[in-house]
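Participant: sequence and predicted structure, then a few things I'm wondering about:
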Amino acid sequence: MKLIWELALQGLLNGCIYALIAVGLVMVYGLLRVLHIAHAGLFTLGAYVSLVVTNATGSLALALACSVITVGLSGIAIYRFCYEPILSRPPYVVLIVSIGLFIMMEEIFRIVFGPYGLSYLKPPLQERFTILGTGITAAELSVVLITIVLFATLDAFNRFTRIGIASRATVSDPQMASSFGVDIRLIRDMTFFIGSAFAAVAGTMVGVLNNLVEPTMGSVPSYKALAIIVLGGMGSIRGALASALFLGLIEAFGTTYLGTLLDRDAIAFTVLLVVLMLRPAGLTGKKT
Amino acid sequence: MVSIKRRLLFIAAAIFASHALPAAAQDKTPVKIGFHAGLTGPAAADGLSAEIAVKLAVEEANKAGGINGRPIELVVYDDQGKPDQAVPVANKLIGDKVVAVISAGFSAPTKAAAPVFQEAHIPYVVAIALQPDITKSGDYVFRVGSMGEVEGRAGAKLIGDVLKAKSIVLLTIKTDFGKTVAAGLKGAADKFSFKVVKEYEYSPGDRQFGPMIASIKEDKPDLIYASGFYFTGGPLLSQIRAAGINVPFVGAQSYSSSKFIEIAGAASDGAIITNVIDWSGKTPQEKAFFEAFEKKAGFRPEAAGSQAYASAEVLIAGLRAAKSIDSVAIRTALAATKMHTVVGDLSFNSLHEVQRSFPVSIVKDGKWQSHGVIEDPVLLAPPTQ
Amino acid sequence: MSAYVLSIVSLVGINIILALGLHLISGLCGQVSLGHAAFYGVGAYTTALLAKAGYPIGLTLPAAMAAAAVAGFVVGLCSLRVREDFLAIATMAAGFIFLGVVKQNEALGGEIGISGIAMPSFGRDGFVALELGVTVLVILFCLHVRRSWLGFGFSAVADDDVAAQMVGVDNRAYKLTAFCIGTALAGLAGGFLAYYLRGVSPDAFGFTASISVLCMVVLGGMQSIAGCIIATTILTLMPEVLRFADNYKLLIFGALLFLTMRFLPDGLGGLFALARRKEAGPS
């Protein structure tokens, strides 16, 4: 029984990380119908900025702020320079552009920071707590708290602020929103900023959890996040959170009980395929 | 006039010949050695480290007179860690007229290149690729890295004889290296009277091991053996310690990078591995290598770098002993190798797999330090077929 | 020709067969697949297992095509339930499941893979000749399909499958046919690859491989067979041409993908169309 409880906890923890990574992708997909693979590159960028600033100044808080701003602005730049001019093209064109961008980013990280990966000089958030009979590190606890706070804020922002409502209107019908005076470009910039900022937070936290930031750390999230947005019904933020947690749980229990049958990725994708066959529009999508 | 001219010519020719004759005996054209590894893409960390090491070995050999007076020229190609890139790379090296090749590539590219070199009768020294079938390509293929199966048996002796553990949990990384180490270790478990109570498998891409660790807590082992690399082992060990599991942690040479300690921090203290390098570096040769490598690379040599260096040492010694660049002579000289390298004394068996012992290393005061040796020629004999 | 040139040429041939298979599915029939490498893998593994068991190349290659086509039929059936981006992700899932099954299955060599496949009895040069001959046949076949009623149906489905359905084109049958033919070609390419590498290992058929085939097809311009062949040739030769810039090779590769699609969204095929229009003069 204790094992099941601990597995659930670990699954939810992994799910929180997946959620932080996937949310940006979901927001972009909802707005532009673009599979933004380069998002995983932004995740890695966030991890590197945080690590470099922390090692230079000793302050993780300052590093996180730098990381969020740098990555957020990079997100806007990617939208403006890479995606905006080709939005009218079929989605696979943007997909390949995004893949090309992601390969370039990984290579730039390798050339600039070396292939070996970097670690924190003084790893932050290493304190240990015991909560409900289970040991947890400060870093793990932070991941959970950050996920709760950020998702609650995002939800409130979308629901209650003018710009949030405008943003939701743009997701459901850009032309209509535009004719009601919504500045579509502003909404898109903002979406890329917020989505990328989430990726920066996720990258930072993964870097801290593993005490390792590698040029290739985005490669697993690059495809796993796609599974999450599909499971969540493409474009729904709440759906993404739910499916990220669901996937975390599936992987935790799956690798423990089916680990000799299939590996982690195959388990995750088998579930994805089954869900797609039963509900072709995703877990939370409307039935067709 | 004519006769004087003739005479002068004759004298000139004689002078030239008297200088040229020893020069002909002492050919100064470079001997080309090929080298391939994954220098970009996911294999780049090991590949670059190996490249530094092999270049170092070639520089030193050239300072010491090259191959019987002929300088060595190293021809380096990137296989990107991909098998379909390795076949053209191998053919290109053959086209470049290399006399022998060192591979510091991973298993898949090396496995694809080995038959190409075998058919071209070019001696091929494999530094780190551990796929078991590679040496079966033929008699021109040699392997300096110990097979996973052998390293697993060394690990079993370390667990049972030295650390006296009775029940262990095995964490296997899903690569050919992890699988073969696990097979060797499990095969020798009875002999060293311990039980593998449970085996878990994980992917090279995993960095978060929470669910696995939660389950290990229930198993209550007195030792954890985990195959993996510094980038999986570092996070794994720190998460194991953070979860309050304090039993010994044992692994293989693939953790020997100082990155492993950097990542795991204080949690790495007491971790034990079967290594390829004796960190105490007793001989001047080893000390010189450690210093020269660190100066060039900026970090201490790890398993990939050391084994690549040892491969170059073996090959250069073989070329010197062969006294010619004839492929059969080189192959015969390599097969007769019995020498001390930076990874210890080594020789090859009939399948051209390496026979050697395993120095044991432990993390103490934030550094890998020497911790005895696993020596047992019978137990550590590589398979012959 | 030197052995090096031959080895490059055979790799180009294999990649052309592989890419043309995806071209039929994604380019002609409009079903973007992120899991093409899985069928490449099915073909390679089928060939490897049969060749190890002693069967000749005349049997292993057709078997590879058949096995891949069966796998393609199953995935195609599943794909009928989902559309567009969902389809892309579903095919990606199929790729990961293939990899998971192979890696965990000792009978398929697991992580260690299969090695020691003998060259066919007619030797290396004969093998290259056979492979290039088959490549030409595949190219001719694809050109023929495009001009046939089948190709017409494919394009109708690609343009607008709902509309195609309404005018009486059975789009399910067309999609399934495209999947079967395209994956059979992938299986054929995989069969050649198994002989080329003298073995197989699972990592050659992962997500990265699927992505790189898709890049060949998209870079070629989705609609154009000539574009697809040229793009495949360029992308296959690139690592060789860029040897001088080893450290920046992948970076240049990424930049090429990025810049081409960003500034030439119709790919190389689009470039030809543009050139033709210019030639025809202003109209």
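Facilitator: Looks like it came in fine.

Participant: quick one: stretch B:159-170 to chain centroid distance?
Facilitator: Mean-position distance between stretch B:159-170 and its chain equals 26 Å (C-alpha atoms, centre = their mean, to the nearest Å).

Participant: quick one: end-to-end distance for it.
Facilitator: 12 Å (C-alpha to C-alpha, to the nearest Å).

Participant: is chain C contacted by stretch B:378-385?
Facilitator: No: Stretch B:378-385 does not reach chain C (C-beta under 8 Å from any C-beta of the partner chain); its nearest approach is 12.4 Å. C-beta here means a position set from N, CA and C on the backbone, and glycine is covered the same way.

Participant: buried ones in that stretch?
Facilitator: Residues of stretch B:378-385 classed as buried: B:380, B:382 (neighbour count, 16 or more other C-beta atoms under 10 Å in any protein chain shown).

Participant: residues contacting that stretch, please?
Facilitator: By C-beta atoms under 8 Å, 6 or more residues apart in numbering or on different chains, the residues outside stretch B:378-385 that reach it are B:132, B:136, B:146-147, B:149-150, B:153-154, B:157, B:188, B:349-351, B:353-358, B:374.

Participant: again, 10 Å this time
Facilitator: Identification of contacts with stretch B:378-385 by C-beta atoms under 10 Å, 6 or more residues apart in numbering or on different chains yields B:132, B:135-136, B:143, B:146-147, B:149-151, B:153-154, B:156-157, B:188, B:191-192, B:274, B:348-358, B:374.

Participant: can you tell me the SS state at the residue of the stretch 101-250 of chain A at minimum distance from chain B?
Facilitator: Residue of the stretch 101-250 of chain A nearest chain B, by C-beta to the nearest C-beta: residue A:115 (3.9 Å). Using DSSP: H, G, I helix; E, B strand; the rest coil, the structure places residue A:115 in coil.

Participant: that one reaches residue B:46, doesn't it?
Facilitator: Yes: counting by C-beta atoms under 10 Å, residue A:115 touches residue B:46, with 8.8 Å between them.

Participant: pick out whichever of the two has more residues nearby.
Facilitator: Per other C-beta atoms under 10 Å in any protein chain shown, whichever of residue A:115 and residue B:46 has more neighbours is residue B:46, with 29 against 22.

Participant: hmm, that one is touching residue B:127, no?
Facilitator: Yes: counting by C-beta under 10 Å, residue B:46 does reach residue B:127; the two are 9.3 Å apart.

Participant: common neighbours of the two, please.
Facilitator: B:37, B:104, B:105, B:303, B:304, B:305, B:307, B:308.

Participant: make CSV out of those residues and add distance to chain A.
Facilitator: Formatted as CSV, the shared contacts of residue B:46 and residue B:127 follow (distance: C-beta to the nearest C-beta, whole Å):
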residue, distance to chain A
B:37, 12
B:104, 14
B:105, 15
B:303, 14
B:304, 11
B:305, 12
B:307, 17
B:308, 15
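
Participant: nearest to chain C, of those residues?
Facilitator: The nearest member of these to chain C, counting by C-beta to the nearest C-beta, is residue B:37 at 10.9 Å.

Participant: follow-up on the earlier one: common neighbours of residue A:115 and residue B:46, please.
Facilitator: Here residue A:115 and residue B:46 have B:38, B:39 as joint contacts, going by C-beta under 10 Å, 6+ apart.

Participant: where along chain A do the helices fall?
Facilitator: If DSSP state H is used as the criterion, the helices of chain A fall at A:2-32, A:39-57, A:60-78, A:91-113, A:138-160, A:162-172, A:174-179, A:184-210, A:219-231, A:237-257, A:264-278.

Participant: repeat that for the stretch 1-150 of chain B.
Facilitator: With DSSP state H, counting those that start in this stretch, the ranges of helices along the stretch 1-150 of chain B come out as B:2-25, B:44-63, B:83-95, B:107-119, B:148-157.

Participant: for whatever helix or strand comes next after the last one, which strands pair with it and how are they oriented?
Facilitator: The element immediately downstream of helix B:148-157 (helix or strand, assigned by DSSP states H and E) is strand B:167-173. Strand B:167-173 pairs in its sheet with strand B:195-202 (parallel), strand B:223-226 (parallel), by DSSP bridges.

Participant: so is the helix or strand bottoming out on mean pLDDT in chain C next to chain A?
Facilitator: In chain C, no helix or strand scores lower on mean pLDDT, DSSP states H and E than helix C:161-166, which sits at a mean of 76. No: against chain A, helix C:161-166 shows no contacts by C-beta under 10 Å from any C-beta of the partner chain, the least distance being 12.6 Å.

Participant: distance between that helix and the chain's centre?
Facilitator: Relative to its parent chain, helix C:161-166 has a centroid offset of 27 Å by C-alpha atoms, centre = their mean.

Participant: just the buried residues of that helix, please?
Facilitator: Across helix C:161-166, burial judged by 16+ other C-beta under 10 Å covers C:161, C:164.

Participant: between the helix or strand just after it and helix B:83-95, how many degrees?
Facilitator: Remark: after helix C:161-166, the chain's next helix or strand is helix C:171-197, criterion DSSP H and E. Calculated by axes from the mean of the first three to the mean of the last three C-alpha atoms, to 10 degrees, helix C:171-197 forms an angle of 30 degrees with helix B:83-95.

Participant: in the stretch 101-250 of chain B, where is pLDDT below threshold?
Facilitator: Residue ranges of the stretch 101-250 of chain B with pLDDT under 70: none are present.

Participant: give me the nearest residue to the residue in it that chain A sits nearest to, chain neighbours excluded.
Facilitator: Nearest residue of the stretch 101-250 of chain B to chain A, counting by C-beta to the nearest C-beta: residue B:210, 3.1 Å away. Ranked by C-beta to C-beta, 6 or more residues apart in numbering or on different chains and with sequence neighbours excluded, the top spatial neighbour of residue B:210 is residue A:10, at 3.1 Å.

Participant: same deal with residue A:158?
Facilitator: Closest to residue A:158 by C-beta to C-beta, 6+ apart is residue A:164, at 4.1 Å.

Participant: secondary structure element for the residue of the stretch 251-385 of chain B found nearest chain C?
Facilitator: Closest residue of the stretch 251-385 of chain B to chain C, C-beta to the nearest C-beta: residue B:385 (12.4 Å). Residue B:385 is part of no helix or strand, with elements assigned from DSSP H and E.

Participant: how close does it get to residue C:15?
Facilitator: 36 Å (C-beta to C-beta, to the nearest Å).

Participant: how about residue C:166?
Facilitator: Taken as C-beta to C-beta, the span from residue C:166 to residue C:15 is 38 Å.

Participant: do residue C:50 as well
Facilitator: In this view, residue C:50 and residue C:15 are 23 Å apart by C-beta to C-beta.

Participant: between the two, which is the more surrounded one?
Facilitator: When residue C:50 and residue C:15 are compared for neighbours, residue C:15 comes out ahead with 24 against 21, by other C-beta under 10 Å.

Participant: quick check: which ranges of the chain have low pLDDT?
Facilitator: If you meant another chain, say so; for now it's chain A. By pLDDT under 70, the weakly predicted segments of chain A are A:234, A:283-288.

Participant: should've been chain C
Facilitator: Scanning chain C for pLDDT under 70 picks out C:1, C:83, C:281-283.

Participant: in it, which residue sits nearest chain A?
Facilitator: Nearest residue of chain C to chain A (C-beta to the nearest C-beta) works out as residue C:100 at 2.3 Å.

Participant: near chain B, anything from the stretch of helix or strand that residue belongs to?
Facilitator: Following DSSP H and E, one finds residue C:100 within helix C:84-104. Yes: applying C-beta under 10 Å from any C-beta, one finds helix C:84-104 in contact with chain B at C:100, C:103, C:104.

Participant: what segments of chain C are strands?
Facilitator: C:114-115, C:199-200 (DSSP state E).

Participant: ok, which of these comes nearest residue C:91?
Facilitator: strand C:199-200 (20.9 Å; C-beta to C-beta).

Participant: helices and strands around the closest one, which ones?
Facilitator: If contacts are counted by 3 or more C-beta pairs under 10 Å, 6 or more residues apart in numbering or on different chains; DSSP states H and E, strand C:199-200 sits against helix B:107-119, helix C:36-52, strand C:114-115, helix C:171-197.
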